[in-house]
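In: okay, structure incoming, though there's no sequence with it:
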């Protein structure tokens, strides 16, 4: 039986040094085009696969970075298998439209940007979900296998983040930057929401607006609510101390909120300003099903810019943030820290864009032109003091 090819075998076949093979495999250091081609051809001919374990022993690096996402409830759906061996079923779909977990599109795009950037840096990306009840054990085990870790804000408690940051380089995605030892990548939530509310008040003359929040204590949502309040305060309008309604970022919960609101018999506000697109889509389903016209009776807006907000009927006015870009920036900052561990922590703020669509009364012709009001065109990076 043919043995497993080694780096030495590749070097002999390509007639180069082991150092040259290592540089090609690890994408590091200068290698001439001719030598690189010879090494790649030898790797292909011999079927050589680099040993991550051996490379880790030599470099004290795993060649992997981690991405830790919040628990979106997907495990509950997966636990109930519908697969029936050898059978074909025909039935009305029992899954309500849009019942998938909040952020499904959002985190998929974050993952896409993160994985691509890791790949460009010659690293593999491993993903974990902060799922109860063993969150701490799962995260610490992951931290022991990777060279650095990106964590979505509010996924882990602050004390656990600080503990992990003492072990491996850490980056926080979204949330409020604080005086800590890791890099932050976020978006201008408050400014984006304020600009959206400015449009509703100034261009549509709306002065009766209600904010529909997500889970309490979520930093991004807190910022968006502050942007909402800021826009109202600037115009001398009544400002509530707390959101009118509170959900959990899911369509399922938003449908419940909408049903309760309609059953209450209270007059509907002229505008429902939602914390995210999934909440807006859930409310839209209930409103339309009960004969409430959007935007004639109620204006509805979201935040995030997921695909569903553009394909709903009517399409939903939203604040678009760039999730793939956030994933890219987070891993990019992490890679920079791996190369320079003592660099000072940075805060990178990605721009957002207000997209006007028919759910706020924007004319359909304007949607084709995609009018955009941005808070900036390039990410802004600042060094923490």
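Out: Received, thanks. Predicted model, so just to flag it, every value in this text is computed and none were measured.

In: residue ranges with poor pLDDT in the stretch 251-385 of the chain?
Out: Counting by pLDDT under 70, the stretch 251-385 of the chain contains low-confidence ranges at 363-378, 382-385.

In: hmm, try it at 90
Out: 265-266, 306-308, 322-324, 337-351, 361-385 (pLDDT under 90).

In: cool, the stretch 1-150 of the chain as well?
Out: In the stretch 1-150 of the chain (pLDDT under 90), the answer is 1-10, 18-19, 21-31, 36, 40, 42-66, 68-110, 121-124, 126-149.

In: which stretches of it form strands?
Out: Listed in chain order, the strands of the stretch 1-150 of the chain (DSSP state E, counting those that start in this stretch) span 64-70, 124-130, 148-152.

In: pretty sure residue 113 contacts residue 332?
Out: No: the criterion here is CB atoms under 8 Å, and residue 113 misses it with residue 332 at 9.4 Å. Where you see a C-beta, it was placed from the backbone N, CA and C, and this is true even at glycine.

In: residue 300 contacts residue 288, correct?
Out: No: in this structure residue 300 lies outside contact range of residue 288 using CB under 8 Å: 10.1 Å.

In: between these two, which contacts overlap?
Out: Residues touching both residue 300 and residue 288 by CB atoms under 8 Å, 6 or more residues apart in numbering: residue 294.

In: neighbour count winner among those two?
Out: residue 300 (26 against 15; other CB atoms under 10 Å).

In: and the more buried one, backbone torsions?
Out: With angles defined as degrees, to the nearest 10, residue 300 shows backbone torsions of phi -130, psi 130.

In: quick check: beta-bridge partners of it?
Out: Judged by DSSP bridges, the bridge partners of residue 300 are residue 272.

In: what's near enough to touch it?
Out: Residue 300 touches 271, 272, 274, 280, 283, 284, 287, 294, 316, 317, 359, 360, counting by CB under 8 Å, 6+ apart.

In: from these, which land in strands?
Out: Assigned to strands by DSSP state E, the following of those qualify: 271, 272, 274.

In: name the SS class of residue 342, please.
Out: coil (DSSP: H, G, I helix; E, B strand; the rest coil).

In: that one: how many residues sit nearby?
Out: 5.

In: what's the distance between it and residue 120?
Out: 24 Å (CB to CB, to the nearest Å).

In: would you map the strands across the stretch 251-385 of the chain?
Out: Taking DSSP E, counting those that start in this stretch, the strands of the stretch 251-385 of the chain run over residues 271-274, 299-301, 318-320, 346-350, 353-355, 372-374, 380-383.

In: show me what the first one is packed up against.
Out: Helices and strands touching strand 271-274, by 3 or more CB pairs under 8 Å, 6 or more residues apart in numbering; DSSP states H and E, are helix 189-204, strand 209-213, helix 277-289, strand 299-301.

In: tell me which of these sits nearest to residue 354.
Out: helix 189-204 (5.1 Å; CB to CB).

In: what's the closest one packed up against?
Out: Other helices and strands packing on helix 189-204, by 3+ CB pairs under 8 Å, 6+ apart, are strand 209-213, helix 219-234, strand 271-274, strand 299-301, strand 318-320, strand 353-355.

In: circling back to that earlier point, can you tell me which of the strands of the stretch 251-385 of the chain is most buried?
Out: strand 271-274 (a mean of 28; mean count of other CB atoms under 10 Å).

In: contacting residues around it?
Out: Taking CB under 8 Å, 6+ apart as the rule, strand 271-274 contacts 193, 196-197, 200, 206, 208-212, 228, 254, 280, 283, 298-303, 360.

In: put the buried members of those into a PyMOL selection.
Out: Those of these that count as buried under 16 or more other CB atoms under 10 Å are selected in PyMOL with:
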select buried, resi 193+196+197+200+206+209+210+211+212+228+254+280+283+298+299+300+301+302+303+360
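
In: in stretch 320-340, what counts as buried?
Out: Those would be 320-335, 337-338, for stretch 320-340 by 16+ other CB under 10 Å.

In: check the offset of that stretch from the chain's centre.
Out: Mean C-alpha position of stretch 320-340 versus that of the full chain (CA atoms, centre = their mean, to the nearest Å) differs by 11 Å.
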